Every structure is written in structure tokens, then in C-alpha cells.
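Enquirer: Next comes the sequence, and after it the predicted model I'd like to discuss.
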Number of protein chains: 2
Amino acid sequence: MTNNDNVTISDIAREADVSASTVSRVLRGTAKVTKAKREAVLSAVADLNYQPNVFARGLASGQSMTIGVLTQNFGSPFYDAILRGVVQGLYGSDYFPIFADGQWQPEIEQKALLAMMRRRIDGLIVIGGFLSAEELNLFAEQIPLIVAARDVCEFEENCVGIDNVHGSYLATKHLIDLGHRNIAFVGGRMDHQDARDRQEGYLKALEEAGIEARQELIIEGTFRRQSGVLAVEMLLSNRNSFSAIFAANDQMAYGVRLGLYRRGLRVPEDVSLVGFDDEPAAAFMIPPLTTVRQPAVEMGLEAARIVLARLRDESVSPAQLTAELVIRESTTVHR
Amino acid sequence: MTNNDNVTISDIAREADVSASTVSRVLRGTAKVTKAKREAVLSAVADLNYQPNVFARGLASGQSMTIGVLTQNFGSPFYDAILRGVVQGLYGSDYFPIFADGQWQPEIEQKALLAMMRRRIDGLIVIGGFLSAEELNLFAEQIPLIVAARDVCEFEENCVGIDNVHGSYLATKHLIDLGHRNIAFVGGRMDHQDARDRQEGYLKALEEAGIEARQELIIEGTFRRQSGVLAVEMLLSNRNSFSAIFAANDQMAYGVRLGLYRRGLRVPEDVSLVGFDDEPAAAFMIPPLTTVRQPAVEMGLEAARIVLARLRDESVSPAQLTAELVIRESTTVHR
DNA sequence: CTGTTAGCGCATTCAT
DNA sequence: ATGAATGCGCTAACAG
């Protein structure tokens, strides 16, 4: 753990009695080098604790060995799980992830992205966000670009995610199968494809069961906890009758749960509740939440895998990941 | 938003009809330049959408304009809040944060740190973790280094955090004031100073109230949710009687809550519960959790502020941040 | 297989 | 105040 910050390639070239190019060659494996020389180099590297200078390397090679990861808000459990997947997927590769936070705000997202581009990232993984297909394509022309946890029309071949319509359908159908007929839906911002898809799945399940959808039972939320609380207030103040609520993500389900608690309504005795995402915390909700699992870590892994492959010029396409229903204790039969 | 990736300083020098040095000077503000030339440069920069090459810059200047942020596990709400504070505190400065994840594993933490050092970070913010004072000092000799959310002996002048003993004391005293006498404590790994401090605060409050501490009521947890569930099992299987539980962080409090639920014990009617951290989710627990607030975002801001100041060669020391009790509905008087 | 030669784009002397 | 020259540390042709 000695700290030789200023050891350069020529130092070890001298030490190993070879040229700097040869050192570079053994370090990068770009050409064959005699065993003897290679070993001399390697031992010199170890002796002097040589650390290549990333700047010099980047300048000369044009590569940064860096993958940009654009997320929205550190601290969102679901997105963070994807982050962990990405980190894990990059681990062991020669690439290092750098992160930027778009905070679900288009202007900040733009800036964050530019900051990363300025950092000369070799690849980019975008998680969620508002970037349009057009903008994304602009960047995708320059570097491998994968979008995770978000469906972008006209950009599908670079998206890793699940079938939101299907996931939502499963959740709603589960409630219907339990005998519920009046099922409220707390959705997300309708300017987002995912939100639209989840609503579509909900409607599809209802229709299939011959249940007419009721506008009063459909609330547009924001995907944030607080909007779940608000949704309950709206539902209740309109004297709507419902025996179940399906929230389009777990965060809103927590909010719904709290709203219900405030009004003295029990879960699942009085109302059944289903979420979407299966965040780790969902299993610790009181009562544990029935929800639709999105394989978040796997998404991150997959995104990393593809970017890495494309960096190697392999042309691969995203594997299909599937949503599944996780039944816990927040749902029960409707008498 | 045109994409001139290859515009160099000499391009704009030619365009503005000055030398490259002059361009560099106006861009960095390192020397006086005639107004006319400055403006010519600036307009050329705008016209060609010039983006300085970070590698060339880093190579020539020795600075990366990058701050390393070492966290433990993306997805931990409390740590993520600190992260957001750091991001916010760096926003607008010329520095860009890069993150690495130590995953609460010493070896991974080491590697992550080395990876960042290789990136030639100009400053470092360490959040939590296991790095010893000795190791930390090693790095602190090279670059400004601040540790957040963790007290490290012999390194206090570079730590930003709260008084854990006091916070814990407040929590315990609150329960005592409510009439509780048998208060269980679910602590953290005792190889961590914070965990020891929180236990100390608990013991201090008991002692002050003339209550004898009982070993059976003190459980060593891991700071993770699951260990809260386990703690309840241990407490209950030993037929210990207690009317309140104080968990040394919110995560474990969630686990405790679930453990209690599984055993049919109500909160707060049967047992009162207090956490520590005041994660955003604590307000959404059922019932909302009484807890000790740590100003996480402020910690991040403060850490960023100090690193930035030290980078400017100002010698500042961390401001004192204070913990406060947030009383919600998980605690009630003991009859 | 290996050494030599040129840059990569910028900051920073040193002259002027 | 400003231009020319030099070098940061490394990679990638180019010769052998």
C-alpha cells in the first residue's frame, strides 16, 4: 500500500530494461511480448506499485474506460437496486461506472448527461428519466446506450425492462380472482409510457372479467409515496366504494397504506392492496405487501452486460425479463 | 446541442485569431486578457460549442476536478440521503462527484477506494465504512478527506456527524418519561464506534433514571432490517418482559415492527418502538415511527462544503450537527 | 517481437 | 498582455 503516485511508464521501462512501448504492450495485451520481458515488466510494475495515469491513457487512446450511469434520485429503492446490478455487472471488467443524478427533472437530467459526456464516457446506461427517443438516439449514435426500467418507443432494441402491461394485468387479475369488483387504480404520470402501460394492464384485466372501468376509481399519482396518501383522500372524499386498491408502484402503495391507516381502514380486512416493483421494503410493510416483482438487479446486470458486449463490438440485444406476482398478506378474498 | 466532440483549443484559437495560450487563459481566468480578445474567444467557444477535453486538462494540470464519494450500498435510505446532500453541495462548483460502493465489505471498500484514487480524485468523501483511522490518514495526507456519518477516533477533525450518545439518550429518555421501565435495545455491530455510542446513550439514560440495565434486553443486531425481526424472536423466546424497544437505526426498527406483527403484538398499544435516523420512510411506517433525526442531507452538504473549502486551501472545520427526537405514533405511555 | 517517433489537447513556463 | 515552446504520461503507427 505504498503510495507511488508519480511512477510513470518510463520508470518501469527503465527498471525492466525495455522500451516504454513494450511496457504498454504487456499492460494492455495489445501485442505479443517475450515471456522474459513480460515478466520483467510485471515485476517492475509490482515493485514500484505503478498505477497508469488515466488521463494520459485517455488522451492517447481516446477511451476513458468509463461507463456513465444516469439515474433519477439516489435513494429510490427500486432504481437503486438497478444501480447495484449495474455495479455488479461492471465489476471485474476494466470499466468503471460514474453516476449522475437527473432527479426526475428534465433540465437537470440534461446537464447531468452533458457532464458525463464531457467526462468522455465510453458507454451510457440511462435509468428512467425523461429523455426523448430523439435525444437518446443522438447519443446512441456516438456510444453504446442502454435504457433500463423504461420503455421508449422507437428505441426498443436498446431498452431492458419488463412487460408492464402484463405485470399490471397480473396484479389486477389477482384481485379479481379474489372476488373484488370495485378496484381502484392509483397510476403514475401519464406522460410516461410505463404509467400508461400499467393502466392498460389494469383496464385489460377488468375488461376481460367483464367489469366496467369506472373513471372515479382511477387516480393519477406521481409515483411518489405522498401521492398515495392523497389518492386515498380523493377516493374516500368522493364516497366511492371500493374493496381493493392497486397502486402502480410500491412507493405509492406505502402512501396508500398510510392513508388507509389514517382513516381507520384495515388492510387487508377492509381493503386489499397491491403494489408494483417488489422493493425490498415491501416485504417489511405491515402487513407485507402483495406486489409485482420487477427483477431490478437483473435489469442492471443485463444493461451492463449489453453495454460491455457492444463495446466489444458484439451486437447483442436485451434479454426479455419477466414480471411476476408476489402474493403476501395485503390481499384477501372479498366477501 | 450540436455535437462537436473534436473541437480543440487550437480550433477556437484560430477562430478567435489569438493563440492557444490566450484561449486557455480566458477559460481558466489565470491571467488578464484584453476585453476584445476575451470576447472573441468566448464567442468562438459558443459558436463551435467547444468542450475542453478533461483528459488533456487533467494531464496538463494534474487536477481531475473530481471528488470521490465512497458509500456503502446504494439503496440504503439513510446513506443515500447523504449522497444527495453531497451531490447538491457540489452542484454549481466545478467539481464532479464520482461514486464507489464499498458494500460494507472491507476488501471491496479497499478496491473501490483504489479505483477512485487511480481516477486521480482531488478530494474524497467517505460515508460510513470500515477504513481505519490509520488508513484514512494515509489518504488524508494526499487529498482533502472528510468522513460522514461515522465517528473515527483520532480523526475527529475530519468527521461530520452527530452526537450519537446524545441522540440515543434522547430516545431512551423519551420512553422512560412515558413510564416505560423495561426497555429493550437492539444495537449494531459493536466493532463500530457509532454502535457503541448509541448503546452508551441508552445506558446513560437508564442509569440517570435509576433503572438497572438488563443484559437480556440488549441485543446485538447488524443495522439491517432482518436483524430487527430476529431480535424480536430472541427477546420473545427468552420470555423477557418489556414494554418498549429502542432500535439503533430505522432499518432494524422496521424489522422489529414486522417481528412484533408476526407475533400479534400491537404498536404502540402493546409495545412502544423508537428508531434512529429518521429515514423518509419512517414517517410512512404503520404506525409512523418515533425516531431520532439525523440531518442526513445536511451532512452531505457539510461534507461537500468542507472538501471544497479545503481544495481552495481554506482551513475550515466541520460544523456541529445535532440530532433531535421526532415523536410520532409508535410510542405511547406505559400504563 | 521490439524500439523509435509522433502526437493526443491542454496548461504553463519563458520570452517579448 | 500575449505568443511560442515545452511537457504532462501514454498509445499507436512506423520501421526494423
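Expert: Alright, I've got the coordinates.

Enquirer: Helices of the stretch 51-200 of chain A, start to end?
Expert: A:54-61, A:77-90, A:106-118, A:133-140, A:164-177, A:193-208 (DSSP state H, counting those that start in this stretch).

Enquirer: out of those, which comes closest to DNA strand C?
Expert: helix A:54-61 (3.7 Å; C-beta to the nearest atom of the strand). All C-beta spots, glycine's among them, are computed from the backbone N, C-alpha and C.

Enquirer: any idea of the pLDDT on A:P318?
Expert: Listed pLDDT for A:P318 reads 92.

Enquirer: Confirm for me that it is in contact with A:M299.
Expert: No. Between A:P318 and A:M299 there is no contact under C-beta atoms under 8 Å: 9.3 Å.

Enquirer: Mean neighbour count, the helices of the stretch 51-200 of chain A: which tops it?
Expert: Of those, the one with the most neighbours on average (mean count of other C-beta atoms under 10 Å in any protein chain shown) is helix A:77-90, at a mean of 24.

Enquirer: can I have it written out in CSV, keeping just the CAs?
Expert: The C-alpha coordinates for helix A:77-90 follow below in CSV (Å, rounded to 0.1, in the frame of the first residue of the first chain):
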residue,chain,number,x,y,z
PRO,A,77,-35.2,1.8,-3.7
PHE,A,78,-36.2,0.4,-7.0
TYR,A,79,-33.7,2.4,-9.0
ASP,A,80,-31.0,1.9,-6.5
ALA,A,81,-31.4,-1.9,-7.0
ILE,A,82,-30.8,-1.4,-10.7
LEU,A,83,-27.8,0.6,-9.8
ARG,A,84,-26.4,-2.2,-7.7
GLY,A,85,-27.0,-4.6,-10.7
VAL,A,86,-25.0,-2.3,-12.9
VAL,A,87,-22.2,-2.0,-10.5
GLN,A,88,-22.1,-5.8,-10.1
GLY,A,89,-22.3,-6.3,-13.9
LEU,A,90,-19.3,-4.0,-14.4
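
Enquirer: who are the neighbours of it, in terms of helices and strands?
Expert: strand A:66-71, strand A:96-101, strand A:123-127, helix A:250-262, helix A:296-311 (3 or more C-beta pairs under 8 Å, 6 or more residues apart in numbering or on different chains; DSSP states H and E).

Enquirer: C-terminal to the longest one, what's the next element?
Expert: Just to be clear, that refers to helix A:296-311. Sequence-wise, the next helix or strand downstream of helix A:296-311 (DSSP states H and E) is strand A:324-326.

Enquirer: ditto for the fourth one
Expert: The helix or strand immediately downstream of helix A:250-262 is strand A:272-277, counting by DSSP H and E.

Enquirer: Sheet partners, orientation included, of the helix or strand just after that following strand?
Expert: The first helix or strand that comes after strand A:272-277 along the chain, using DSSP H and E, is strand A:290-293. According to DSSP bridges, strand A:290-293 forms sheet pairs with strand A:272-277 (parallel), strand A:324-326 (antiparallel).

Enquirer: Now do the longest one and helix A:77-90, the angle between them.
Expert: Between the direction of strand A:272-277 and that of helix A:77-90, the angle (axes from the mean of the first three to the mean of the last three C-alpha atoms, to 10 degrees) works out to 30 degrees.

Enquirer: now strand A:272-277 against helix A:250-262, angle please.
Expert: 160 degrees.

Enquirer: Report the backbone C-alpha coordinates of strand A:272-277 in PDB.
Expert: What follows is strand A:272-277, C-alpha atoms only, in PDB (Å, rounded to 0.1, in the frame of the first residue of the first chain):
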ATOM      1  CA  SER A 272     -56.900  -5.300  -0.200                       C
ATOM      2  CA  LEU A 273     -53.800  -3.600  -1.500                       C
ATOM      3  CA  VAL A 274     -51.300  -4.400  -4.300                       C
ATOM      4  CA  GLY A 275     -48.200  -2.700  -5.300                       C
ATOM      5  CA  PHE A 276     -45.700  -2.800  -8.200                       C
ATOM      6  CA  ASP A 277     -41.900  -3.300  -8.200                       C
END
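
Enquirer: by how many degrees do it and helix A:193-208 diverge?
Expert: 140 degrees.

Enquirer: how about the residues of chain A near DNA strand D?
Expert: Applying C-beta under 7 Å from any atom of the strand, we find that chain A lies next to DNA strand D at A:6, A:8-10, A:20-21, A:23-24, A:27-28, A:30, A:50, A:52-53, A:56-57, A:59-61.

Enquirer: List the buried residues for the helix or strand hosting A:V23?
Expert: Using DSSP H and E, A:V23 maps to helix A:20-28. Neighbour counts over helix A:20-28 (16 or more other C-beta atoms under 10 Å in any protein chain shown) mark A:T22, A:V23, A:S24, A:R25, A:V26, A:L27 as buried.
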